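Enquirer: Need a 3D model of the following:
(chains A and B)
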Amino acid sequence: MAKKRRFKGGEIPTSSMADIAFLLLIFFLVTTTIDTDKGLGIVLPPPGDMEIEIRKENILNCLINSQGKVLLDEEPTNIDQIYRIVGERLRSNNKLVISVKAHKKTSYKDYVRVIDQLKMADAKRISIANSN
Amino acid sequence: MKFSKKTKISSEIPTASMPDIIFMLLVFFMVTTVLKEYSGLPVNLPKAKRIEKLKSKRHTVQVWLSKDGLISIDDRLMAAEDVSTVMYDKRVANPQIVVSLKGDEEAEMGLVSKIHENLRKVEALKLNYSSKTLID
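Expert: Model (predicted):
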């Protein structure tokens, strides 16, 4: 015997819709990684070989060899100590230009560490020599 | 004298349009998020302390440099000399472009220097050495 089912006005429950939408929203908010690139900013000099004459006492030479050893004005220096020494030099001479020269076999890691140290010392005038 | 309330102000917040609002937010977020376009090369980024954040992905070009000396822009491998041609087009399209150099720790400075030169040639002067935060 078949029972006659009476049709009771079909409705989709919409009260939980907001919750579902919120859930989706939160899911997307969480999963989208806003991974902006970050790193050490530097501005390259414009093209063309410019020769700016800088007085000798305003230059601090910073040489990096292929083993990652640093020579700061003829003196072998530990990379971690650069910012302290450069900071001191900058305080006594605010026109100081730091000239960084790396050997072409120097690893990028050491170079970035040196630039980071110079940034820590708040050196604004950094000159990067060609390593070829 | 008794005051009779004339208007009945309903004290409920109308929630019927809430899903619509939230869906709108959802769509907004889905549209505005820029998905990762290029995968790049496998690199081990160097670590640094004084890190700056780049503003927007729309103004950045990622230049990948692996430890084997491969250079890749937009998932195309190229020689260091060709960087300038590619970057020229990019700089013309967007003058405020920032180059994010994603170099491997073991990459050699000779190549980095060549990239510098090529970037200078086309006046793409804003450079960023992509690195991880160093925690000590």
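
Enquirer: For chain A, which residues score under the pLDDT cut-off?
Expert: Along chain A, segments meeting pLDDT under 70 span A:1-5, A:32-36, A:132.

Enquirer: For chain B, what's the nearest residue on it?
Expert: A:Lys104 (3.2 Å; Cβ to the nearest Cβ). Using the backbone N, CA and C atoms, a C-beta is placed for each residue, glycine as well.

Enquirer: Quick check, that residue in contact with B:Ser113.
Expert: Yes - with contact defined as Cβ atoms under 8 Å, A:Lys104 counts as touching B:Ser113 (6.9 Å).

Enquirer: who has more neighbours, these two?
Expert: Taking neighbours as other Cβ atoms under 10 Å in any protein chain shown, A:Lys104 and B:Ser113 compare with B:Ser113 leading, 21 against 15.

Enquirer: The helix or strand harbouring the more buried one: how far from the chain's middle?
Expert: Element membership of B:Ser113 [criterion: DSSP states H and E] is helix B:109-121. How far helix B:109-121 lies from its chain's middle: 22 Å, per Cα atoms, centre = their mean, to the nearest Å.

Enquirer: likewise stretch A:26-45?
Expert: Relative to its parent chain, stretch A:26-45 has a centroid offset of 11 Å by Cα atoms, centre = their mean.

Enquirer: what's in contact with it?
Expert: The contact list for stretch A:26-45 (Cβ atoms under 8 Å, 6 or more residues apart in numbering or on different chains) reads A:112, A:115-116, A:119, A:126-128, B:26, B:29-30, B:33, B:45, B:48, B:50-57, B:60, B:62, B:100-101, B:116, B:119-120, B:124-131, B:133.

Enquirer: State which helix of the chain is the longest.
Expert: I went with chain A, as the question did not name one. The longest helix of chain A (DSSP state H) is helix A:17-31.

Enquirer: I was after chain B.
Expert: Longest helix of chain B, by residue count under DSSP H: helix B:18-32.

Enquirer: how much space between the most centrally placed residue in chain B and chain A?
Expert: A centroid search over chain B (Cα atoms, centre = their mean) returns B:Lys57, at 2.6 Å, as the residue closest to the centre. When distance is defined by Cβ to the nearest Cβ, to the nearest Å, B:Lys57 is 7 Å away from chain A.

Enquirer: Which part of chain B gets nearest to chain A, residue-wise?
Expert: Of all residues in chain B, B:Gly110 sits closest to chain A, at 3.2 Å by Cβ to the nearest Cβ.

Enquirer: thought that residue was touching A:Lys105?
Expert: Yes - counting by Cβ under 8 Å, A:Lys105 is a contact partner of B:Gly110 at 7.0 Å.

Enquirer: Those two: who's more crowded?
Expert: Neighbours were tallied for B:Gly110 and for A:Lys105 using other Cβ under 10 Å; the higher tally belongs to B:Gly110 (17 against 12).

Enquirer: Could you list the low-confidence segments of chain B?
Expert: Across chain B, the ranges flagged by pLDDT under 70 are B:1, B:4-6, B:34-38, B:136.

Enquirer: show me where it has strands.
Expert: Assigned by DSSP state E, chain B shows strands spanning B:47-48, B:52-53, B:60-65, B:71-73, B:76-78, B:98-103, B:126-130, B:132-133.

Enquirer: Highest mean neighbour count out of those?
Expert: Per residue and on average, the most neighbours among these fall to strand B:98-103, with a mean of 24 (mean count of other Cβ atoms under 10 Å in any protein chain shown).

Enquirer: Let's see it as PDB, backbone CA atoms only.
Expert: Only the C-alpha atoms of strand B:98-103 are listed here, as PDB (Å, rounded to 0.1, in the frame of the first residue of the first chain):
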ATOM      1  CA  VAL B  98      62.100  46.500  -9.400                       C
ATOM      2  CA  VAL B  99      64.300  43.600 -10.100                       C
ATOM      3  CA  SER B 100      64.300  40.900  -7.500                       C
ATOM      4  CA  LEU B 101      67.400  38.900  -7.900                       C
ATOM      5  CA  LYS B 102      66.900  35.400  -6.500                       C
ATOM      6  CA  GLY B 103      70.400  34.200  -6.400                       C
END
